[in-house]
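Asks: Structure for the following, please:
(chains A and B)
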Amino acid sequence: AQSVTQLDSQVPVFEEAPVELRCNYSSSVSVYLFWYVQYPNQGLQLLLKYLSGSTLVKGINGFEAEFNKSQTSFHLRKPSVHISDTAEYFCAVSETDSWGKLQFGAGTQVVVTP
Amino acid sequence: GAVVSQHPSRVICKSGTSVKIECRSLDFQATTMFWYRQFPKQSLMLMATSNEGSKATYEQGVEKDKFLINHASLTLSTLTVTSAHPEDSSFYICSASNRVRGNQPQHFGDGTRLSIL
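Replies: Sure, this is the predicted structure:
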């Protein structure tokens, strides 16, 4: 079984400042990794995913994440945030041999202020 | 990108009512659909996985007679909350994916806010 830990429940950040959201996982097998964003009263939108290959993954809206196998981490970053980035962010993992079954972290609330 | 439509977006009903939630994939064939439940300020908890044409697989602790799932076509899955009670109030989210197309991520609907009075 796998587990996902998002170390920060809430991250306040000023507009145009950088932000990093931390995600660590544990699994006894290979995994796929995802970051999703959720706006209030909406479903989840995929920001980016790591399946294989380059460990630096670029996603939508200027976000990127780096897979670090030795540290079992998949931290999300954005160099300059906008007010519109205020949302809940979820890290998720899926074991490669149990296709599609996602385990989500607890989520990180990002609040961007002017 | 892929679009998943979930309907209704919000339901308010009396205790004892059965409520049906629809999840449709609009521009791709969803061989697999997932149903999640999300409590306020918490993460998503997988309730069940449904593959088109077969019975859903429920996660431990989820009552299959309480949460009926049907996935009769490649574009539609339904979740019926039978005889709903206030403790069933929650945000329900579906997602869809096409397993044949390989390691495709799930595409999520916008969720259904269920409030049982």
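Asks: my read: B:Thr78 touches B:Ser18, true?
Replies: No. Using CB atoms under 8 Å, B:Thr78 is not in contact with B:Ser18, being 11.5 Å away. For glycine as for every other residue, the C-beta is placed from the backbone atoms N, C-alpha and C.
Asks: more neighbours, the two?
Replies: Just comparing B:Thr78 and B:Ser18: by other CB atoms under 10 Å in any protein chain shown the higher neighbour count belongs to B:Thr78, 18 against 11.
Asks: Give the closest residue to the closest residue to chain B within chain A in space, chain neighbours not counted.
Replies: Nearest to chain B, among the residues of chain A, is A:Gly43, at 3.7 Å (CB to the nearest CB). Among residues not flanking A:Gly43 along the chain, B:Phe108 sits closest, at 3.7 Å (CB to CB, 6 or more residues apart in numbering or on different chains).
Asks: beta partners of the one you found?
Replies: The residues listed as beta-bridge partners of B:Phe108 by DSSP bridges are B:Ser95.
Asks: how about it, what does it touch?
Replies: A:36, A:43-45, B:4, B:93-95 (CB atoms under 8 Å, 6 or more residues apart in numbering or on different chains).
Asks: again with B:Ser15
Replies: B:84-86, B:116-117.
Asks: Next, it: secondary structure please.
Replies: Here B:Ser15 is coil, with the state taken from DSSP: H, G, I helix; E, B strand; the rest coil.
Asks: Distance of it relative to chain A?
Replies: The gap separating B:Ser15 from chain A is 23 Å, by CB to the nearest CB, to the nearest Å.
Asks: how close does that residue sit to A:Leu33?
Replies: Going from B:Ser15 to A:Leu33 by CB to CB, to the nearest Å gives 41 Å.
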